[in-house]
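Asker: Everything below, folded, please.
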Amino acid sequence: MEWSQHAAISPMRWEQRFGDRVVPVFAERPPSIWAMVREAAARNGDGEALVCGGWRLRWRDVVPQSGQIAAVLRDKGLRRGDRIALLLGNRIEFVLSLFAAAQLGLITVLLSTRQQKPEIAYVLKDCGAKLLLHEASLAERLPDAADVPDLLHRIAVDDDIGRSELSRLADRAPLAAEEDVAEEDTAMILYTSGTTGRPKGAMLAHCNIVHSSMVYEACLGLTPADRSIAAVPLGHVTGVVANVTSMARCAGTLIVMPEFKAGEYLKLAARERVTYTVMVPAMYNLCLLQSDFDSHDLSSWRIGGFGGAPMPVATIEKLAAKIPGLRLVNAYGSTETTSPSTLMPPELTARHIDSVGLPCPGASILVMDAQGRELPRGEIGEIWIGGGQVIKGYWNRPEATAESFTAGYWHSGDLGSIDADNFVRVFDRQKDMINRGGLKIYSAEVESVLAAHPAVVESAIVARPCPVLGERVHAVVVTRAPVSAEALRSWCRERLSDYKVPETLTVTADPLPRNANGKVMKRQLRESLTA
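Answerer: Predicted structure coming up:
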């Protein structure tokens, strides 16, 4: 089965990319992020582009406002290929600055507002950023000048609309002319979370971002009438591609939510007549837990993308009952694949809940053994991903690039399979798979079973060291109502093989620890078991 059976996909052709790659790409496409913005202004100039707090900008306003910020950057001496870092939360200046940098051919480096001083210093020094746009409230976290010798300029953005240092500079600047940007030029650097050692800077080119934005547009049927809430961090690949650039591609409306709170999300979604968003399953669950859920008119909400964790069947059933017009779409991807590698056709989500969907248009997915040989359909191995969405490599890390990429295919580190009908399943990260005396246990399977328990909000399965078996199964379970560890074990015993049932559990009301991208930090949970 292919996506072309479920959506109208624009013609594609094979092209050379990044030297020695040959990949299928959309034959007709904008050449850059800024070209998508200009096209949106031409197609839907009077349509709302950005909504955030007191801001409401039309697409025809976005071009000059981004141009003013571009003029500020040019006046500071930045030129094509220079790096500009954004230490900004979900706010309208994030989007306008991103577009401004794209206009000049600058490389935007995305930082998280949750990062601390040493982490920020490492990224700024590693990428050689020349200018930093930062939240005024985060000034104390900025590194000392001696630690970031390439950083020449720091510009604050505060919470008063029109009164920040950036706004004052932009008000006085003449509009900047756009640069001639090449498709393969790096547009953004996003630093991967780094499970071991220092984070690596993934280089997302303009062509990667345009390709993924067009995939979202085609597969989800996005049009200028769509209105998306950015409820996940914009500094993460999902926020910046699934929300920011995808809305630019379809000339729709991006509604920027500074911080996700379930109650506020429901109010905003109803008030702004939201049609589309992408969130993690836990965010949907938190919305359903709101006592006033039924009082909000969410009838305009038609597409609910999710990823990062399995969506519990109970959540799917509740959403279907409460919002009949909402279609859920599982998405699987990463920073290295510029967001989506697979998407589930929404009409098939309920029938294939254990799958992350079909390969996206232009994506090639292989399941490989440890020797780099393709495995037969249905067998489990490491997922390798190729296509027009796969990045060129890591910033200044040729050895890491060589280790993680083979002939344009990125080694995901995920264990999965592809069935006879082309549906992809992801079972675990290689490092998260539990080996209990030779028996392999995939944490996602156990977590999915626990998620169906009525008292469970979410869970994480990790390995507990064992001198006899090597590893045993431990569960950290977040509950919404009192429930005993033994009751949860009994629930699992009725639904899982005996060796997969958690032998020990931590039951808590506290949420699981997550990194800036919203992913559960299992390493931290594992370390707590050996402390």
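Asker: What segments of the stretch 351-500 of the chain are helices?
Answerer: 398-404, 443-451, 485-493 (DSSP state H, counting those that start in this stretch).
Asker: Show me what the second one is packed up against.
Answerer: Secondary-structure packing of helix 443-451 (3 or more CB pairs under 8 Å, 6 or more residues apart in numbering; DSSP states H and E): strand 424-429, strand 456-466, strand 470-479, helix 485-493. Every C-beta, even on glycine, is put in place using the N, C-alpha and C of the backbone.
Asker: hmm, who's touching that helix?
Answerer: 281, 309-310, 312, 314-315, 354, 426-428, 432-434, 456, 458-462, 473, 475, 477, 488, 491-492, 495-496, 500-502, 522 (CB atoms under 8 Å, 6 or more residues apart in numbering).
Asker: again, only this time at 6 Å
Answerer: With contact meaning CB atoms under 6 Å, 6 or more residues apart in numbering, helix 443-451 is reached by 310, 312, 427-428, 432, 456, 459, 461, 492, 495-496, 500.
Asker: Just the CA coordinates for that helix, please, in CSV.
Answerer: C-alpha atoms of helix 443-451 as CSV (Å, rounded to 0.1, in the frame of the first residue of the first chain):
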residue,chain,number,x,y,z
SER,A,443,9.0,-1.4,26.1
ALA,A,444,6.4,0.1,23.7
GLU,A,445,4.3,-3.0,23.9
VAL,A,446,4.2,-3.1,27.7
GLU,A,447,3.6,0.7,27.8
SER,A,448,0.6,0.3,25.4
VAL,A,449,-1.0,-2.3,27.7
LEU,A,450,-0.5,-0.2,30.8
ALA,A,451,-1.9,2.8,28.9
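Asker: ok and that helix relative to strand 424-429, angle-wise?
Answerer: With axes from the mean of the first three to the mean of the last three CA atoms, to 10 degrees defining the directions, helix 443-451 sits at 100 degrees from strand 424-429.
Asker: my guess is G235 contacts L110, does it?
Answerer: Yes: using CB atoms under 6 Å, G235 is in contact with L110, at 4.2 Å.
Asker: how about the strands in the stretch 101-250 of the chain?
Answerer: Remark: strands assigned in the stretch 101-250 of the chain by DSSP state E, counting those that start in this stretch are 107-110, 131-135, 153-157, 186-191, 201-205, 227-230.
Asker: which residues touch the first one?
Answerer: Think strand 107-110. Applying CB under 6 Å, 6+ apart, the contact partners of strand 107-110 are 83-86, 98, 101, 127, 129, 186, 188-190, 235.
Asker: List the buried residues for it?
Answerer: Under the neighbour-count criterion of 16 or more other CB atoms under 10 Å, strand 107-110 has 107-110 buried.
Asker: mind listing what's buried in stretch 524-531?
Answerer: By neighbour count on 16+ other CB under 10 Å, the buried set for stretch 524-531 is 525-526.
Asker: cool, and stretch 364-373?
Answerer: Buried residues in stretch 364-373, counted by 16+ other CB under 10 Å: 364-368.
Asker: for the protein, which helix is longest?
Answerer: The residue-count maximum for a helix in the chain (DSSP state H) belongs to helix 59-75.
Asker: Taking strand 131-135 as reference, get the angle to it.
Answerer: 130 degrees.
Asker: The helix or strand following helix 59-75 packs against which elements?
Answerer: Of the helices and strands lying after helix 59-75 in sequence (DSSP states H and E), the nearest is strand 83-87. If you count contacts as 3 or more CB pairs under 6 Å, 6 or more residues apart in numbering; DSSP states H and E, strand 83-87 packs onto strand 107-110, strand 131-135.
Asker: Which one, of those strands, ends up nearest to G239?
Answerer: Nearest to G239 among these is strand 107-110 (9.0 Å), distances taken as CB to CB.
Asker: Can you list the strands that the closest one pairs with?
Answerer: strand 83-87 (parallel), strand 186-191 (parallel) (DSSP bridges).
Asker: got those as a markdown table, with distance to E217 columns?
Answerer: Output for the strands paired with strand 107-110, formatted as a markdown table (distance: least, CB to CB, whole Å):
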| stretch | distance to E217 |
| --- | --- |
| strand 83-87 | 24 |
| strand 186-191 | 18 |
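Asker: right, so of the ones you listed, which gets closest to W34?
Answerer: For W34, the closest of those is strand 186-191, at 9.4 Å, according to CB to CB.
Asker: ok and that closest one relative to strand 201-205, angle-wise?
Answerer: Orientation check (the same axes, to 10 degrees): strand 186-191 against strand 201-205 gives 150 degrees.
Asker: Mind listing residues that contact strand 186-191?
Answerer: Against strand 186-191 from outside (CB under 6 Å, 6+ apart): 33, 107-110, 123, 127, 199, 201-206, 209, 237, 335, 395.
Asker: what about burial for these, which qualify?
Answerer: 33, 107-110, 123, 127, 199, 201-206, 209, 237, 335, 395.
Asker: Now do the end-to-end distance for stretch 268-284.
Answerer: By CA to CA, to the nearest Å, the extent of stretch 268-284 from end to end equals 14 Å.
Asker: Any buried residues in that stretch, and which?
Answerer: Neighbour counts over stretch 268-284 (16+ other CB under 10 Å) mark 268-270, 272, 274-284 as buried.
Asker: Where helices are concerned, which of those count?
Answerer: Among the buried residues of stretch 268-284, the members falling in helices (DSSP H) are 268-270, 281-284.
Asker: Least confident of those?
Answerer: Across the set of those, A282 stands lowest in pLDDT, at 79.
Asker: wait, that residue sits on V457?
Answerer: No: using CB under 6 Å, A282 is not in contact with V457; the gap is 7.3 Å.
Asker: worst-scoring helix or strand of the chain, pLDDT-wise?
Answerer: When the helices and strands of the chain are compared on mean pLDDT, DSSP states H and E, helix 165-172 comes out lowest with a mean of 69.
Asker: just to revisit the earlier point, just the closest of the buried residues of stretch 268-284 to P11, please.
Answerer: Distances from P11 to the buried residues of stretch 268-284, taken by CB to CB, are shortest for Y276, at 24.8 Å.
Asker: how about that closest one, what does it touch?
Answerer: Shown in contact with Y276 (CB under 6 Å, 6+ apart): 226, 228, 303.
Asker: quick one: the first one and N243, what's the gap?
Answerer: Counting by CB to CB, to the nearest Å, the gap from D226 to N243 is 11 Å.
Asker: Which of the two has more residues huddled nearby?
Answerer: N243 (28 against 22; other CB atoms under 10 Å).
Asker: Can you name the residues that contact that one?
Answerer: 228, 230.
Asker: So the residue nearest the centre of the chain versus L86, what's the distance?
Answerer: In the chain, the residue lying closest to the centroid (CA atoms, centre = their mean) is T238, at 2.3 Å. Applying CB to CB, one obtains 16 Å for the distance of T238 from L86.
Asker: for P454, same thing?
Answerer: Here the criterion is CB to CB. By it, P454 lies 42 Å from L86.
Asker: Between the two, which is the more surrounded one?
Answerer: Neighbour totals were compared for P454 and L86, and L86 leads with 26 against 10 (other CB under 10 Å).
Asker: Just grab the bridge partners of the more buried one for me.
Answerer: Beta-bridge partners for L86, by DSSP bridges, are L110, L133.
Asker: So it sits against L132, correct?
Answerer: No: between L86 and L132 there is no contact under CB under 6 Å: 8.0 Å.
Asker: which stretches of the protein have low pLDDT?
Answerer: Across the chain, the ranges flagged by pLDDT under 70 are 159-165, 168, 170-177, 193-197, 516-518, 531.
Asker: Could you report the distance from the residue of it most remote from its centre to L525?
Answerer: Centroid-distance maximum for the chain: V468 at 39.1 Å, with CA atoms, centre = their mean. Going from V468 to L525 by CB to CB gives 22 Å.
Asker: ditto for L138
Answerer: Using CB to CB, L138 is found at 28 Å from L525.
Asker: do P454 as well
Answerer: Distance, P454 to L525, using CB to CB: 24 Å.
Asker: and what of M344?
Answerer: M344 is 28 Å from L525, by CB to CB.
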